[in-house]
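*Asks:* Predicted structure and sequence below. I'll ask about it afterward.
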Amino acid sequence: MPDLEMLGADLQREFEGHLAEDVQARALMLASEVGELMKEVVKATGYGTRPFEVTPGFRDELGDVMAVLALLAEVAGVSLSECAGQTADKMRSRFAEHGRVGSETT
């Protein structure tokens, strides 16, 4: 199983010259992959008519999202672990202060 912190660097080295190398292109790739993941959720739930169950297509698309996210972090020069840790801290703080995790104001 790949270490997500190293995945972006490993893929970048392995496919050097064959991947987009700027933040904008990788962000667009990520948006596209998230769209593909959502299509799998829609299919798995029959457009919301049944409970979600993990499908092979969902697993594949989730893996694509993670790989492209790792590549985006690599090209941007940020640590996924640090970003996730900061978000977890922010969620804990919001929950302690407001009794909710999200940033809703109502």
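*Replies:* Nice, thanks for sending it over. Numbers count the residues shown, from 1 in each chain.
*Asks:* Ramachandran angles for residue 83?
*Replies:* Backbone torsions of residue 83, given as degrees, to the nearest 10, read phi -60, psi -50.
*Asks:* Kindly provide the distance from the nearest residue to it once chain neighbours are set aside to residue 20.
*Replies:* Spatial nearest neighbour of residue 83, chain neighbours left out: residue 73 (7.3 Å); criterion: Cβ to Cβ, 6 or more residues apart in numbering. The C-beta positions use only the backbone N, C-alpha and C, and glycine is treated the same way. Per Cβ to Cβ, to the nearest Å, residue 73 is found 14 Å from residue 20.
*Asks:* okay, the two: which has more neighbours?
*Replies:* Per other Cβ atoms under 10 Å, whichever of residue 73 and residue 20 has more neighbours is residue 73, with 22 against 15.
*Asks:* List the contacts of that one.
*Replies:* For residue 73, the residues meeting the contact criterion (Cβ atoms under 8 Å, 6 or more residues apart in numbering) are 8, 79-80, 83.
*Asks:* what about it, is that helix, strand or coil?
*Replies:* helix (DSSP: H, G, I helix; E, B strand; the rest coil).
*Asks:* let's have the chain start at 15 instead
*Replies:* All set: I'll call the first residue 15, so the last point we hit is now residue 87.
*Asks:* Please report the distance of it from residue 55.
*Replies:* Taking Cβ to Cβ, one finds residue 87 at 24 Å from residue 55.
*Asks:* what's the answer for residue 69, then?
*Replies:* In terms of Cβ to Cβ, residue 69 sits 9 Å off from residue 55.
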